[in-house]
Structures are given as C-alpha cells and as structure tokens.
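Enquirer: one predicted model, sequence on top.
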There are 2 protein chains.
Amino acid sequence: MTVPEHSNFPITVDTIEIAAAYLKSVGVRTPLLESPYLNKIAHRRVLIKAEMLQRTGSFKFRGAWVAISALDENIRKRGVIAYSSGNHAQGIAHAATLHGIPSTIVMPDDSPALKLANTRELGATVVTYDRQGGESREAVGEALAEEQNLTLIRPYDEPMVIAGQGTCGLELAEQAKELGVHDGDVLVCCGGGGLSAGIAIALEAHAPGMRVRPVEPAAANDTCRSLMAGERLSNTANPDTFCDAIVTPMPGTLTFPVLQQLAGPGITVTDRQVLAAMKLALMRLKLVVEPGGAVALAAALEPGNVTGDAVICVLTGGNVDETWLAAAISESAG
Amino acid sequence: MTVPEHSNFPITVDTIEIAAAYLKSVGVRTPLLESPYLNKIAHRRVLIKAEMLQRTGSFKFRGAWVAISALDENIRKRGVIAYSSGNHAQGIAHAATLHGIPSTIVMPDDSPALKLANTRELGATVVTYDRQGGESREAVGEALAEEQNLTLIRPYDEPMVIAGQGTCGLELAEQAKELGVHDGDVLVCCGGGGLSAGIAIALEAHAPGMRVRPVEPAAANDTCRSLMAGERLSNTANPDTFCDAIVTPMPGTLTFPVLQQLAGPGITVTDRQVLAAMKLALMRLKLVVEPGGAVALAAALEPGNVTGDAVICVLTGGNVDETWLAAAISESAG
C-alpha cells in the first residue's frame, strides 16, 4: 500500500487506524445495507452506510470518542467542553460519560427543550447563553474552559475528530468489498467537512477506486461552491433549509484542503427531495434519517448525479423531531 | 462444547452452523444495538437485535434463503412456492430471485395492493385466491405445486427454515459477549415459533446462560398458554390485535417441543404497549419496527417481566404501513 504524503493534511490514514483501535469495543460497526426497491429507483446498486445506528444516533460519536480517548489522562480527567446544540453535543456528552469524565455543553437558551433534556440525560452539564441578546457562545465557553481547565473539542476542525470520523470510511471500504463493490462515488452529507475529509483519507489508502462526493442542501452549498472556486466561501447568514445538522458557516480550515485534493464535485439537493428520501428510508430501509442525514440518499436517487454500477451513501444521523418525521411519512414517495 | 442430544428436535446446532455458512455472503449480519435512554427506562441494559435491517425487512429472509439453498439443485431450479401475505412471502420471493429461480406466492385476493406489488417487485409470480368466497389457499397451492413441480416452503414447520432463523441466535450470542453480556433473557417476538426455536437451539450450544422467552400479543397468546399447559393450544379465530405478523393458529409441531424444553415462560403485551415501543424504537433507536416486531421491546420496558442486569430483544421486522407508523409517532411515549 503506497499512499501519497499530503503535507497540508491534518492527519494520515495511520491516525485513522489508531482511531479505529480506540473505537473497537465501544463504537457500533454500522451496517452497509441495500434495498432492491432503491436499486430500481436509482438504476444501480445503492449501498447505505447507516450512521444513525451509531451511539447517540449519529456518526458524531466516533470523533467525540476518539478525540477524548487521545487526550493525556491528566488533561482528560479535568473534563471537556463543546459548543453545539446538535449531534456533536450528544456525541461529546455520551463519550465523556463513558470515559467517566465531566463534560460541559454550551447551548443557546432557546434550544428545543428536548435537545436540552437529551444532552443532560447523556450526562453533560448544559450551560446556556442568551443568543437573542447577543451573548457569544465563544465568550461563555472560553471563560468556563479557562476557569475549570476544560479541553475544548471542536466539531470538525480538530485532527482527532477527523480521524474518528474517518473510521466510517475504513468500515465502508471493507464492507463494500464484501458486497462486491470496489469502485464508485461515496456520497457524504457534508457540513463542516470532518466526515467527508476523514472518509476521503481512508478511501485513498483502502479503496482508491472510490471517491467522496460531498452533498449539501441547495440553500447551504458552501462546500460545493468552495470546491468550484478553489477557495473557502461562506453560506448566507440564515440559509433557508430544514437540513439544520449540516448547515455551517463555511468549510473548515483543516478539512477543505483534503476535499480539494481528494473529493469529486459536490452535489446539491432540494428540501423537497430530502423529504422524499426520508420517506423512502423509513419505508424501504426501516431507518429514521434526519433531514441533514438524508441529503446523500436524495442525491443518489436523482438521475444524473452519479454514474457507474454502484453508489454508496453515508446517512449520517437520525436525530429528527416528531414533526418532521410525520411530515416525511405524509410524503407521496414510498 | 457438550450439547445434549434432543431426539424430538427437528435440527441440531450443527444444522444452524451449516445455515450460517449458506447465509455468509448474502444475509445481513444485523447489529446488536443499545440506547442509554432505553436502559434508563428498563433499569437494565437493553440490547436490540435489529432484524428489520435484514434483507426484505425481516428475519424471514434467513430461513427462506437457507431452505432454498439446501434444496438439491435439480429440484431447486424448478422453483418454489409459499402461502403467505407477509414477511415469509417477501423472504421467499427475494431469496428465489437471488438464486435465479422462479417463485410463486399464493396470497388472498383482498391483500393490500402494496403487499401484492412489493411481492411482485421482488420477482415472485403472485397467484391470488378468493378468501372471502371460501377458496382454500392449500387447494390452490397444491394444484400449482403438483402441476409445475414446485417445492413448498412452509413458514416455520420446516427444519431448514428453523435452522436459518437460528443463525440470528448464533450472531446475537457472539455480539452480546462482545458487549460484555453473557447471560439473561432473550425476548423473541413469537408467531409459529420458528425463530424462537432456532435461537433457543443456538443459545443452548453457544450461550448457555441465555434463555429464550417468547413474547406475544395478549390477544393471540397461543404459545404462552401452550407452554403453561404442556400441549399445543389454539388462538381464537380472529384475534383482536394489530400485531398481524405474529398471529398464527397455534404453535408449530416441530417448533413447540423445542420451546417446551429450552424456553422460559412466555410474556404477553397489549397493543397499547406495542405502539409505545414502536415510538421509542423510532425516536431512540432510529428503527422502524412493525407491530409484531415490537412486542419484545414492549415486554422489556414493562416492569416485572424480566430480572437480571441485561435483556436482549429480537425486533423481528419493519414492514409496517404508513398509517400505523404515523399512529406510533403520535404516541405520547418518547
């Protein structure tokens, strides 16, 4: 195995192998699934990496567990802190609890009550800040981190988080080969790019015939545009999409160079296509997928986005509220 | 490994090992999942064997694939036939198509259009009979089988089907040990008893600290009552429950002796408890579970049904229509 050196990459595949060892007896090796019905719609094999079955309902647990595991023991035991109201928060809270260390999550005070309750139930101390009143989560968080000697774990611009997410790529490369698939596009729901970058590095080493294609909602297509422009571009301030889990200001500083060198062109989908994909996932795969976690499937089912005999979709999470779940069931697709 | 001989059992664990070899590169090794939220509700670890992720959305593919694989090649190529409007039909249709052989499914002509369409889409020839008019599926099916030299594959009173379902037990024994669980009750949604019997035989050999507990809807509790009475008792003609996938006339002749010797007492649940379990599976496990596939989880969450530090639930299928799925989401549990 000869893997080129990339001096501007935050990690190598060796780091992802170390991350896989950390996760071995703790993470879920999520299955790679297939449905004859979806294959018919897409006119090719559609393999589904079911990351909503990961602990805490999204791939984010991988990076959270690995980043905490890699800390020096004396630093780790003081605790960790994260800013997030979503899947990264739940991943950090649960990983910290499993490690037996405290975690603090900084969340806006207008977060849905269920998200606050879930994060607390996973063992975190939740500190809220007044978002509407202009309070900054960074200021609140940094004061806390310094006062209590906590280690901040960023959601994607963090080398060991990227390595953790990359373990998903190691698994899918191996699982796809078992199913007879050795090349094709790997569609990944993309926010800050930690998962896409980690998978891309894993595939370069273990499945050079496969290529990451980041998928985004049309209204928050910063990575797609940035890849075309060759530089990091921003989203508008309040993108109009219900795929909230993957809306980020712009691609990460650590993740973008990886995607520039290893990923294919990005793909965008509409919210309407996402809702139809959520319905198909429920009825045909028996999986609950959140809007941001379904964009890859939506892209695979739309004609013209990919070529080849097979496509792999990474469905990244399933933390959706009842209202959107009910809306998906009412969709006419199925 | 010393396993007692049971002269009245249809198969031994060796047959299940052969079945596992048949399934190796075709079946899904379904994951054994855990949710901290469900653990809290149950006051113990709850491990979930997610059989709705098996091909065709239920464990039935295991037995179908294995039974067809075990046929002599010259007999197999003439085709197979099954009577079923549900998961067994889909398992047989898909397994036959993957084997490149024809399959005929005998279904009532008043079956839901979606079930008829799905079974056809999986490659089967569907032959309908006039249920309301008193036509017998056995008569229709036997005439066809004789005329076309087809092999009938029964849903549970069929040794190689039981062996196929038993592979689920081999997997869960191994997966539970990886999670540190070596003993406890294994709750299995129970219709004719093919899955329960297969798992019981696998566990006796590979996880003697684990014990199958069949779970049924209170309105169709034939196995529970039969186990207490020591003989096979019938259900009433039209049991009032929405757990249709596991309503059978009475325990099987081949499966019941196995359950008598190896299973613990049965457990019953109400439809209301089942709907709440379906909701929890959606929100906490990210899994779609059909009513009959959710009874084991409903039983695990109800106080007093089991003891010990851990319980394993086999969630058997996810083929539920939109109406019941929407009803589950509207449930107040969560």
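Expert: It's in.
Enquirer: quick one, strands of the stretch 101-250 of chain A?
Expert: A:103-108, A:125-129, A:151-152, A:184-189, A:210-217 (DSSP state E, counting those that start in this stretch).
Enquirer: what's in contact with the first one?
Expert: By C-beta atoms under 8 Å, 6 or more residues apart in numbering or on different chains, the surrounding residues in contact with strand A:103-108 are A:79-85, A:89, A:92-93, A:95-97, A:115-116, A:119, A:123-129, A:131, A:137, A:140-141, A:144, A:148, A:150. For the C-beta atoms, the positions are set from N, CA and C on the backbone; glycine is no exception.
Enquirer: again, but for the second one
Expert: Contacts to strand A:125-129, defined as C-beta under 8 Å, 6+ apart, come from residues A:102-109, A:111, A:116, A:119-120, A:135-137, A:140-141, A:144.
Enquirer: quick check: the gap between residue A:281 and chain B.
Expert: Between residue A:281 and chain B the computed distance is 9 Å (C-beta to the nearest C-beta, to the nearest Å).
Enquirer: residues in contact with that residue?
Expert: A:48, A:287-289, A:294, A:297, A:315.
Enquirer: again, only using 6 Å
Expert: Residues in contact with residue A:281 (C-beta atoms under 6 Å, 6 or more residues apart in numbering or on different chains) are A:287, A:289.
Enquirer: residue A:7: neighbour count?
Expert: 5 (other C-beta atoms under 10 Å in any protein chain shown).
Enquirer: can you read off the pLDDT for it?
Expert: pLDDT for residue A:7: 91.
Enquirer: which SS class is it?
Expert: Under DSSP: H, G, I helix; E, B strand; the rest coil, the three-state class of residue A:7 is coil.
Enquirer: residues from the stretch 51-200 of chain A in reach of chain B?
Expert: Contacts of the stretch 51-200 of chain A with chain B, taken as C-beta under 6 Å from any C-beta of the partner chain, map to A:52, A:57.
Enquirer: residue of the stretch 51-200 of chain A closest to chain B, please.
Expert: Nearest residue of the stretch 51-200 of chain A to chain B: residue A:52, at 4.1 Å (C-beta to the nearest C-beta).
Enquirer: wait, a strand at that residue?
Expert: No. Applying three-state DSSP, one finds residue A:52 to be helix, outside a strand.
Enquirer: and the helices in the stretch 201-334 of chain A?
Expert: Along the stretch 201-334 of chain A, the segments classed as helices by DSSP state H, counting those that start in this stretch run A:222-229, A:255-262, A:271-280, A:291-301, A:322-330.
Enquirer: for the second one, packing partners?
Expert: I take that to be helix A:255-262. helix A:194-206 (3 or more C-beta pairs under 6 Å, 6 or more residues apart in numbering or on different chains; DSSP states H and E).
Enquirer: one more time with 10 Å
Expert: Applying 3 or more C-beta pairs under 10 Å, 6 or more residues apart in numbering or on different chains; DSSP states H and E, we find helix A:255-262 packed against helix A:159-178, helix A:194-206, strand A:210-217, helix A:222-229.
Enquirer: and those as a markdown table, adding mean neighbour count, distance to residue B:236 and mean pLDDT?
Expert: Formatted as a markdown table, the helices and strands packed on helix A:255-262 follow (neighbours: other C-beta atoms under 10 Å in any protein chain shown; distance: least, C-beta to C-beta, whole Å; pLDDT from 0 to 100):
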| stretch | mean neighbour count | distance to residue B:236 | mean pLDDT |
| --- | --- | --- | --- |
| helix A:159-178 | 25 | 46 | 98 |
| helix A:194-206 | 29 | 53 | 98 |
| strand A:210-217 | 28 | 52 | 98 |
| helix A:222-229 | 20 | 60 | 97 |
